[in-house]
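> Prediction below, plus the sequence it came from.
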Amino acid sequence: MHIPPWPVSAERGRSEVALRFEDITQDGRMVLEVAGQALGQAVWRQLVNGSPLMRVLRTSTIVPVLSRLRIEGEAGPFAVAGPVSATGSYGLAHADDGRIFLLMWGELAAPHAHTYGPSAAPDAARATAMRVFAEHVMTRPFGPAEERRVRELPEPMEPVPAVAWNGPAPEALASLPPGARPLDEVPLLDDAELPFGLIHTDSNQHVNSLVYLRAFEEALLRRLRAHGRSTSVLSRMVDVVYRKPFFAGQVARVRLQAFELDGRVGAAGTFVLDGAADARPHAFVHMLAG
């Protein structure tokens, strides 16, 4: 799955972003978790919060719950000191089964530079560093089970535009992509347990969506080491479908299959509850590194 085209006529938000030192790797590339800044700064803060849409959702106890995240990172190099700009947009869509989605697009851009080199000129051209697409499904998480799926937005919202959105099946992320050469014959349960604590959670009362990215990449590195491969790689694309959240106090495991594709390494897999081998996965992940 590639990032879908941005909505042509939708408003765009813009903001400057401050990076943390750990957001830039030793070779000047941004880690994929930084993409959350594009959505947080340029979309949520600049466009969604305070909008008529958000006012209606809050009074109706409807929450846009993140259900899919796709991130693509570019080569760089980029400097910690920036400057980094975020641009984003959003739109509503519906699925064939009646669900309503809040879709978001974001992009981070910065001049090519090195953290310990000369600072970029104020008017230096900014190159794309990160692209992100997020899918949120409209839900009433605190209502009765039969009322949680939202099929129409309450007044005074306008009807949802006739924009169809039917993302690929989550299970497809756990399968090898066409042309991939498997490094593991079958998906394997990673040896490391993932005990979740409060440090992994956010105000939504469950494990934060970006935690999955780092945990899955570390599992990929363990598989590469098991195959005698170099672990000096960095994820440059991740596609995650979130089906069911994890909570503090739970223990997760990663089941994954490492592969090689066009000179890059990657893995396809799932997050499962520890000790529940036959249970349906909580999340599905596809990752490419280079």
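Alright, I've got the coordinates. Numbering: from 1, shown residues only.

> hey, where'd the helices end up in the stretch 51-200 of the chain?
Ranges of helices in the stretch 51-200 of the chain, per DSSP state H, counting those that start in this stretch, are 52-59.

> pLDDT weak spots in it?
146, 156-162 (pLDDT under 70).

> Please enumerate the strands of it.
63-73, 84-94, 100-110, 127-139, 181-182, 188-189, 194-195 (DSSP state E, counting those that start in this stretch).

> Can you say which of the ones you listed is nearest to residue 244?
strand 63-73 (10.5 Å; C-beta to C-beta). In short, each C-beta sits where N, CA and C put it, glycine included.

> residues in contact with the closest one?
1, 3, 29-32, 35, 57, 101-102, 129-141, 167, 209, 213, 234-243 (C-beta atoms under 8 Å, 6 or more residues apart in numbering).

> Direction included, what does that strand pair against?
Here strand 63-73 has these sheet partners by DSSP bridges: strand 127-139 (antiparallel), strand 235-242 (antiparallel).

> looking at the ones you listed, which is buried most?
strand 235-242 (a mean of 23; mean count of other C-beta atoms under 10 Å).

> First-to-last residue distance for stretch 239-258?
Stretch 239-258 has an end-to-end distance of 15 Å (criterion: C-alpha to C-alpha, to the nearest Å).

> same deal with stretch 246-253?
11 Å.

> Would you mind naming the residues that bridge with the spatially most central residue of the chain?
Centroid-nearest residue in the chain, with C-alpha atoms, centre = their mean: residue 69, separated by 3.2 Å. Beta bridges link residue 69 to residue 134, residue 240, judged by DSSP bridges.

> Go through the strands paired with strand 63-73 and name the closest to residue 284.
Of those, nearest to residue 284 by C-beta to C-beta is strand 235-242, at 4.5 Å.

> contact partners of that closest one?
Contacts of strand 235-242 (C-beta under 8 Å, 6+ apart): 1, 29, 31-32, 66-74, 167, 170, 173, 209, 212-213, 216-217, 220, 264, 282-290.

> what angle do the biggest helix by length in the chain and strand 235-242 make?
Of all the segments assigned as helix in the chain under DSSP state H, the longest by residue count is helix 211-226. Calculated by axes from the mean of the first three to the mean of the last three C-alpha atoms, to 10 degrees, helix 211-226 forms an angle of 130 degrees with strand 235-242.

> Buried residues, helix 211-226. List them.
By 16 or more other C-beta atoms under 10 Å, the buried positions in helix 211-226 come out as 211-213, 215-217, 219-221, 223-224.

> Would you mind reformatting the strands of the stretch 51-200 of the chain (as JSON lines) and adding columns for distance to residue 147 while you're at it?
Below are the strands of the stretch 51-200 of the chain laid out as JSON lines (distance: least, C-beta to C-beta, whole Å):
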{"stretch": "strand 63-73", "distance to residue 147": "13"}
{"stretch": "strand 84-94", "distance to residue 147": "18"}
{"stretch": "strand 100-110", "distance to residue 147": "14"}
{"stretch": "strand 127-139", "distance to residue 147": "10"}
{"stretch": "strand 181-182", "distance to residue 147": "44"}
{"stretch": "strand 188-189", "distance to residue 147": "37"}
{"stretch": "strand 194-195", "distance to residue 147": "32"}
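
> Centroid-wise, who is the farthest residue in the chain?
residue 118 (32.2 Å).

> Now do the longest helix of the chain: which elements does it pack against?
strand 235-242, strand 251-261, strand 264-273, strand 283-289 (3 or more C-beta pairs under 8 Å, 6 or more residues apart in numbering; DSSP states H and E).

> Indicate each strand paired with the last one and its parallel or antiparallel sense.
Meaning strand 283-289. strand 235-242 (antiparallel), strand 264-273 (antiparallel).

> could you dump those to JSON lines with distance to residue 186 and mean pLDDT?
Putting the strands paired with strand 283-289 into JSON lines (distance: least, C-beta to C-beta, whole Å; pLDDT from 0 to 100) gives the following:
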{"stretch": "strand 235-242", "distance to residue 186": "21", "mean pLDDT": "97"}
{"stretch": "strand 264-273", "distance to residue 186": "11", "mean pLDDT": "97"}
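
> Now tabulate those strands in CSV and tack on distance to residue 108.
What follows is the strands paired with strand 283-289, written out as CSV (distance: least, C-beta to C-beta, whole Å):
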stretch, distance to residue 108
strand 235-242, 14
strand 264-273, 22
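
> Nearest to residue 253 among these would be which one?
Checked against C-beta to C-beta, the stretch from the strands paired with strand 283-289 lying closest is strand 264-273, at 5.5 Å.
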